[in-house]
Every structure is written in structure tokens, then in C-alpha cells.
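Q: Based on what follows, work out the 3D shape:
(one chain, ligands or ions: 2)
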Amino acid sequence: MLKYNIIPKPTQYQTYDGSYSVSSATQVLAVPEFVSAANFLTAFLKTNPDPKEDAIHIKKVAGMQPESYTLKVSPQDIMITASDEAGAFYGVVTLKMILMQAEKREGKAIVHALYIEDKPLYNYRGLQMDESRHFFGTEIVKQVLDNMAMLKLNTFHWHLTDDQGFRIESKVFPLLNEIGARRKYAGLKGCTLKNRGGEYFHYYTQEEIKEIVAYAQKLHIEVIPEIDVPGHTLSVLAGYPELSCNGNPVEVFCENGITKDILCAGKPEVYDFLDKLLAELCPLFPGRYFHIGGDEAADGHKIWDKCPKCQKVMQEQGLSNAKELQGYFMSRVNEMLKKYGKTTMAWNDCINDSFDESIVCQYWSGHNLKAVREQAYKRDLILSPVQYFYFDIKHAKVSLKKVYSFNEKKAGFGKPGQRIRGVECEHWSEWLDSKEALEFSMYPRVAAFAEVAWTELSNRNYKDFLQRLEWYKNFLKKQDIHYSRVTKKMWSARQAQHFSLGVDGNEFKRSEELRLLEK
Ligand code: ACM
Ligand code: ZN
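A: Ligands and ions are numbered 1, 2, ... in the order given. Just a heads-up that it's a prediction; the model follows:
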């Protein structure tokens, strides 16, 4: 019997003889707690409120694992069971995928009888978007969220600030937007200046942030904002230069790459600024986590080494180097976030024993893998290794197959006692300057990622995934999504590490991968 193409692959899937016909008259009957899951389906089905005998039932049962569900299609009815709202929602998501594929006859969708039992491998299944380097806006983010929900991803990590722009409104510190959200031009390295589009000024108002967060919540997606400190802060220092060690004026960065500029770890006003800013921003995000970056601050440490105020704090606190000073800095910010009810996340390259153990570590870079492995026994860990999950990197390096092949052991983890909470794929946007470029890097790799995040390793099979992916590509086509059509044959040895679909300056050469998109 025909199997439906469900991504991520469910834990158990059996088919039976017979079918159930869903029409616009089919009722969806849900217990009150699961009404939002039912609404997600009825919006899709456009059901008629006229009561009829048969129905799609969404029932609550006790004792199922969080986010898990069963889905039974029999000739009599369709039944989804779950113990929590997220489980009911994912049952509906699976049914929605099935209904899209079901044979349509005389206005009815004929769904083959089946039984699915399903539960996630990881309870953190994340996707990150960087809107500092390039800004995409509400509609694109909502479409990404819709597609995340269809793949049962449940965490949206929103990189809202960096050297290239501060993209969330602050009413307490308005220069973060008036100056910090504005740069002279949006850069794609290699473009001539005239092709760089002039002033670039974008940020989300707090109302827009709330709208997106509420939209995500309905899709059972938690939004984690990232305010990156103490490095990656030129957009902060452009408006408030007094927060750096030397207080000299600086501008929002128009180029790609790492800058040395850093917040001073020795000035009380820096901690005061962060406390007030976090007090303002935390209430916009009802989720548990708040990301404070912490990555790539090594060049800034050299500034701290020469700053009398930073040195004084080091002496007072008995800290032996700038890495430990960063631990002190991040731990202080962590205390602020605790006050506002949040759990702190930070990137692995800054984490060591001087960091409070309640800070969740997000692993991206392997250069101190041994140390991160040790940290994994002491604190929760999210895995985003560059070589598997950095989707801004060209497809030749991070191929669909490579993404699919991920498992904890390959990434250097997976020992008993390590606290691996989940995985996340990254869309840094230095080179992603348009909806098409974002989509090209995100799809279809995100489908492979979703299966890695949800489906047990022993239940994964790449060939089988590729077959199911054919339906998913059609699903993307219907949304007019510019997913990558790149195959191994097309890989070129000469490509740059990253790619872009940017404005076409004379000096800027598009990669082979991107030319394919124009077909
Ligand atoms: C990072 O890629 N700098 C976390
Ligand atoms: Zn300093």
C-alpha cells in the first residue's frame, strides 16, 4: 500500500486496508485544550460547521511523552491522541501533510487507513536567522515559521543584533535604532560601491516583534532573541560610544567579518545599560531562553588587556586572564536574565569554567571541542556544528547528504551523561541579501535537518528520505520558494566559501550554484 511522504519520518508507521474520506463537511472535534490544533486543521480544511456523523477527533490521553502523538485513520474516523498541546499540534501537522498528498475524488480527500506513533528525538529543534547583516522583515519570517512548523521544528533563534545593525526597537535607548539600525550601505564584498544600494535602515518595532512572537506561539515555536555581547557590538557602540573601553566614536559596520570592538567589562555603566535593556526586551519574549552571544570576542580581549578599568575588575575578582573576565561579564548578564525569568544561552567559543553552569552552551566551532565536551557534562548543550548545520555555507561543503548524516557521535559527543538538549541550523546572512538567497541556503537542507532533529538515528535512511523529498520539493514549488537545485555534478572547485545572490556588481562573481537559480 502506498505510503505518504512524511518529513520528518515518524517513529512507527503502519498501513491497513480501507480508507477514510475527508470533505469540506468533515467535522473536527477536539477537547477544549486542543482547540488551537483543531483550528490549524480547520483553517486548512475550510470545514463546514454543519454537524455530520463522522469526524476527525483530537483527544487527550494521559502519560504520553511531551510533543508525541498517535494518528489513526480507519474507515470509521480519524483519531489523533496526545497528552499535550504540542503533541496534538504535531498530529495535526502530520495529518495535514497526508491530506495534501491524498487522492482527491469528487471534492473528497481519500486517506488510506494507517496508524502512526510518533515522538521527537530532541526537544530542542532550532532554526536561526540573522537579521542584523541583512534584514528580511515580518512576512518572510512568518513564512519561515510556517515551514518550520510543517517540519516540526520548535525553536526560532533570532539573531537581532550584530556589528552591522541593531534590529529591535528600544524605547529606553533610542540611539540603538536611530544610529545603530542604520548603515551607509549594505555590503556584499566584491560589489562596487554603487551596487551596494545606499543607506540601509531597518529594525523591528516592538509591536512587530510581539506580532511575530504571537504568530510563532500558535505554531508551537519558541522564539529566542539574541543580543550579542560583549563583541559584535559596533551597532551598540555607534550610538553609545561611552560603553567601549576608550569611548572613541565608531560607525555601524558596512562590511563582513569580525571586528575587534567590544563593550568594556570594567565600566559599571555597561552593566547598568545591559540591565535596563534586558528589562525592556525580556517581556517581549514569553519563552524560557535568551541568547547573549559571547562569540568571537578574542580580538576584543586584547583591548580589555590594555584597559585600566577592565584590569581593575580582573584584580578585584581574582581573574587571571581576559577569558575569565568574559566569564565574569557573561555571568553578570546571566544574573540579570535570571531576574527577568530567563535561562541564558551563549556560544561555545567563550564558555569555560568561569561561566555560571546555568548558562546553556551552543556548540558551533570545533576549535576547542575537547573543552566543550567537558562542558557538556556540566551544562545543557545545543549542537550547531559548522560543518553540518551552517546553511550559509555553500552546498558543496554542507551538502544535503552531509546534513542528513549528522549524529552526535560524528560531532564528537554522545557519551552517557552529556546534556545534549538538541540541534539548530544557522542562516548567517552576510551573504544572504534577499529572500531568494535565504531560501536557496535554507531549502531543502532544512528538511534533512528536521529529520535529524526529530527521527531516531536507527530509523533514518538517506535513500528513503530522498524519495520523500520529491513531494516536499513540490510543496516548496507551490509556495514559490527558491530551493537549491544543486547536485554533486554541479559543484565547482573554484567557488568561494560563501555565496550570494546579490546585486550584480562588475567585480562580483556569482557562484555556479547561484546561476542555477536563474533557470
Ligand atoms: C558564530 O558563528 N560566530 C557563532
Ligand atoms: Zn574596559
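
Q: Enumerate the residues of the chain near ligand 2.
A: Listed as neighbours of ligand 2 in the chain under the rule Cβ under 5 Å from the ion: Cys245, Cys264, Gly266, Cys307, Lys309, Cys310. All C-beta spots, glycine's among them, are computed from the backbone N, C-alpha and C.

Q: Go ahead and confirm Val250 touches Leu237.
A: Yes - using Cβ atoms under 8 Å, Val250 is in contact with Leu237, at 5.0 Å.

Q: Secondary structure element for the most centrally placed residue in the chain, which one?
A: Computing the C-alpha centroid of the chain and ranking residues by Cα atoms, centre = their mean puts Leu127 first, at 1.9 Å. Per DSSP states H and E, Leu127 falls inside strand 124-130.

Q: just checking, what packs against that strand?
A: Under the contact criterion of 3 or more Cβ pairs under 8 Å, 6 or more residues apart in numbering; DSSP states H and E, strand 124-130 touches helix 138-150, strand 155-159, strand 420-425, helix 445-454.

Q: what angle sits between the following helix or strand past the third one and strand 420-425?
A: Next in sequence after strand 420-425, counting helices and strands by DSSP H and E, comes helix 435-442. Here the directions of helix 435-442 and strand 420-425 differ by 140 degrees (axes from the mean of the first three to the mean of the last three Cα atoms, to 10 degrees).

Q: Could you export helix 435-442 as PDB, keeping only the C-alpha atoms?
A: Taking Å, rounded to 0.1, in the frame of the first residue of the first chain, the C-alpha atoms of helix 435-442 are listed here in PDB:
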ATOM      1  CA  LYS A 435      14.500  36.200   0.100                       C
ATOM      2  CA  GLU A 436      15.800  34.100  -2.700                       C
ATOM      3  CA  ALA A 437      19.300  33.800  -1.300                       C
ATOM      4  CA  LEU A 438      17.900  32.900   2.100                       C
ATOM      5  CA  GLU A 439      15.600  30.200   0.600                       C
ATOM      6  CA  PHE A 440      18.400  28.900  -1.500                       C
ATOM      7  CA  SER A 441      20.500  28.300   1.600                       C
ATOM      8  CA  MET A 442      17.700  27.000   3.800                       C
END
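
Q: Now do it: which elements does it pack against?
A: With 3+ Cβ pairs under 8 Å, 6+ apart as the test, helix 435-442 has helix 138-150, helix 512-515 packed against it.

Q: how far away is the nearest residue to Pro308 once chain neighbours are set aside from Phe406?
A: Ranked by Cβ to Cβ, 6 or more residues apart in numbering and with sequence neighbours excluded, the top spatial neighbour of Pro308 is Gly266, at 7.6 Å. Taking Cβ to Cβ, to the nearest Å as the measure, Gly266 falls 41 Å from Phe406.

Q: Next: Leu281.
A: 32 Å.

Q: Sketch out the low-pLDDT regions of this protein for me.
A: Scanning the chain for pLDDT under 70 picks out 1-2, 47-53, 187-196, 489-519.

Q: quick one: buried residues of the particular helix or strand that has Thr42 in it?
A: Assigned by DSSP H and E, Thr42 falls within helix 35-45. Neighbour-count burial for helix 35-45, counted by 16 or more other Cβ atoms under 10 Å, picks out Ser36, Ala37, Ala38, Phe40, Leu41, Thr42, Leu45.

Q: Which residues of the stretch 151-300 of the chain lie near ligand 1?
A: Asp295, Glu296 (Cβ under 6 Å from any ligand atom).

Q: sorry, back to before: winner for burial among the helices and strands packed on strand 124-130?
A: Comparing the helices and strands packed on strand 124-130 by mean neighbour count (mean count of other Cβ atoms under 10 Å), helix 445-454 comes out on top with a mean of 26.

Q: Give me the angle between that helix and helix 435-442.
A: Put simply, helix 445-454 runs at 40 degrees to helix 435-442, going by the same axes, to 10 degrees.

Q: Convert helix 445-454 to CSV, retaining C-alpha atoms only.
A: Coordinates of the C-alpha atoms in helix 445-454 are reproduced here as CSV (Å, rounded to 0.1, in the frame of the first residue of the first chain):
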residue,chain,number,x,y,z
ARG,A,445,18.7,21.3,3.7
VAL,A,446,16.3,22.2,6.4
ALA,A,447,14.2,19.1,5.6
ALA,A,448,17.2,16.9,6.2
PHE,A,449,17.9,18.8,9.4
ALA,A,450,14.3,18.4,10.6
GLU,A,451,14.6,14.6,10.2
VAL,A,452,17.9,14.6,12.1
ALA,A,453,16.3,16.6,14.8
TRP,A,454,13.1,14.5,15.1
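
Q: Quick one: name whatever helix or strand follows that helix.
A: Counting by DSSP H and E, the next helix or strand C-terminal to helix 445-454 is helix 462-478.

Q: What is that next one packed up against?
A: Under the contact definition 3+ Cβ pairs under 8 Å, 6+ apart, helix 462-478 sits against helix 400-404, helix 445-454.

Q: Could I get the full set of strands for the stretch 51-200 of the chain?
A: 55-60, 69-73, 78-82, 103-105, 108-118, 124-130, 155-159, 161-162, 165-166, 182-183, 200-201 (DSSP state E, counting those that start in this stretch).

Q: Can you redo the ones you listed as JSON lines, where the extra columns are distance to Phe273?
A: Below are the strands of the stretch 51-200 of the chain laid out as JSON lines (distance: least, Cβ to Cβ, whole Å):
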{"stretch": "strand 55-60", "distance to Phe273": "46"}
{"stretch": "strand 69-73", "distance to Phe273": "45"}
{"stretch": "strand 78-82", "distance to Phe273": "44"}
{"stretch": "strand 103-105", "distance to Phe273": "58"}
{"stretch": "strand 108-118", "distance to Phe273": "46"}
{"stretch": "strand 124-130", "distance to Phe273": "23"}
{"stretch": "strand 155-159", "distance to Phe273": "20"}
{"stretch": "strand 161-162", "distance to Phe273": "13"}
{"stretch": "strand 165-166", "distance to Phe273": "13"}
{"stretch": "strand 182-183", "distance to Phe273": "20"}
{"stretch": "strand 200-201", "distance to Phe273": "22"}
